[in-house]
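1. Got a predicted structure here, sequence first:
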Amino acid sequence: MMRLKEKVALITGAGSGIGRETARLFAAEGAQVVVVDINEEAAREVTAAIHHQGGSAIAVKADVSKAADCQAMVAAAEKQYGKLNVLMNNAGISHAEDNDAISTTEEVWDLTFAVNVKGVFFGCKYGIPALLRAGGGSIINVASFVARLGAATPQLAYTASKGAVLSMTRELAAIHARQNIRVNALCPGPLQTELLMKYLDTEEKRQRRLVHIPMGRFGQAKEIAYAALYLACDESSYVTGSEFLVDGGITAAYTTP
Ligand code: NAD
């Protein structure tokens with residue numbers, strides 16, 4: 001049975017990595033997918049791949065740090081498919097010059113927060129009214145295990161931004177629980193995607209990260225997509241306000257009770 005039959009799902013940052021894999025998986029599970037990305041070409045390619053696999057999708061160009069773009073992406077979903085059931089706030093950046101407090105610039109900090117924090121806020125600001133019009137729904141905010149641990153390789157703005165995603169998720173979950181809207185954070189561990197590999201750009205940096213992962217390997221975007229599928233579909237109907245860690249055991253290995 002298809003797990004997202006008759007659901008409309010909007011995924012930001014769906015032109016690459018986790019978002020792309022999730023868009024393809026959601027479509028294969030019967031969802032009509034709104035593929036949102038700042039990179040229009042990438043969004044179109046993902047949409048074409050979904051059409052090729054027999055699914056339904058549209059591409060929408062939007063910068064999630066811009067209110068008008070987020071309003072327009074939600075409007076596009078409702079115009080094309082008549083409703084919105086699932087909102088996955090996945091778009092995020094990890095700046096190459098994000099470092100410790102001393103060397104991270106204000107520009108890097110502001111840019112990181114504009115996309116990773118304000119982007120989630122805008123997604124919810126315009127997405128929640130649409131979910132309410134549909135009678136409820138599921139919001140998946142993509143955070144990161146670094147919000148739980150503190151990374152060995154410093155990326156202060158990124159880590160702080162993901163902490164904000166976790167606290168927003170808890171409050172949104174509490175506020176909207178009785179409106180049939182579930183809000184969960186998905187915390188991927190280190191994955192073999194462009195975002196992380198651009199940042200861990202030397203073998204030494206990669207090894208410094210790998211040595212801490214109990215499974216001894218980076219994860220694949222597909223492994224996050226399957227967790228997103230669970231949070232998106234009705235099987236997770238009693239799950240809200242949670243932090244779903246999908247990290248190869250890294251957080252468990254370093255968390256004290
Ligand atoms: P990615 O770089 O492969 O994909 C991110 C996509 O977001 C790109 O297509 C990019 O064009 C798009 N994007 C960037 N800025 C945007 C904006 N302002 N508006 C709209 N789209 C924008 O990254 P990924 O690894 O798939 O990461 C997806 C999410 O997962 C991010 O929130 C990231 O922080 C999080 N995450 C990733 C990892 C990892 O190891 N890759 C680990 C933990 C969390």
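-> Okay, I see it. Remember, predicted model here, so these are calculated numbers, not experimental data.
2. List, one by one, the residues from the stretch 1-150 of the chain near the ligand.
-> 12-13, 15-19, 37-39, 42, 62-65, 90-94, 115, 119, 142, 144 (Cβ under 6 Å from any ligand atom). In this view, the C-beta of every residue, glycine as well, is placed from N, C-alpha and C.
3. at 8 Å instead, please
-> Within the stretch 1-150 of the chain, the positions near the ligand by Cβ under 8 Å from any ligand atom are 12-20, 36-39, 42-43, 62-66, 69, 90-94, 114-116, 119, 142-146.
4. Residue 191: neighbour count?
-> If you count neighbours by other Cβ atoms under 10 Å, residue 191 ends up with 23.
5. which residues does the closest residue in space to it that isn't next to it in sequence contact?
-> Nearest-residue entry for residue 191: residue 219, 4.5 Å, with adjacent residues in sequence omitted and distances by Cβ to Cβ, 6 or more residues apart in numbering. Contacts here follow Cβ atoms under 8 Å, 6 or more residues apart in numbering; on that basis residue 219 touches 188-192, 246-248.
6. With residue 222 instead?
-> Applying Cβ under 8 Å, 6+ apart, one finds that residue 222 lies in contact with 21, 25.
7. gap between the residue in the stretch 51-200 of the chain that the ligand sits nearest to and residue 41?
-> Closest contact between the stretch 51-200 of the chain and the ligand, by Cβ to the nearest ligand atom, is at residue 92 (2.2 Å). Separation of residue 92 from residue 41 (Cβ to Cβ, to the nearest Å) stands at 19 Å.
8. Counting neighbours, go ahead and name the busier of these two.
-> Neighbour tally, residue 92 and residue 41, criterion other Cβ under 10 Å: the higher count belongs to residue 92, 26 against 10.
9. Provide the secondary structure category for residue 88.
-> Put simply, residue 88 is strand when judged by DSSP: H, G, I helix; E, B strand; the rest coil.
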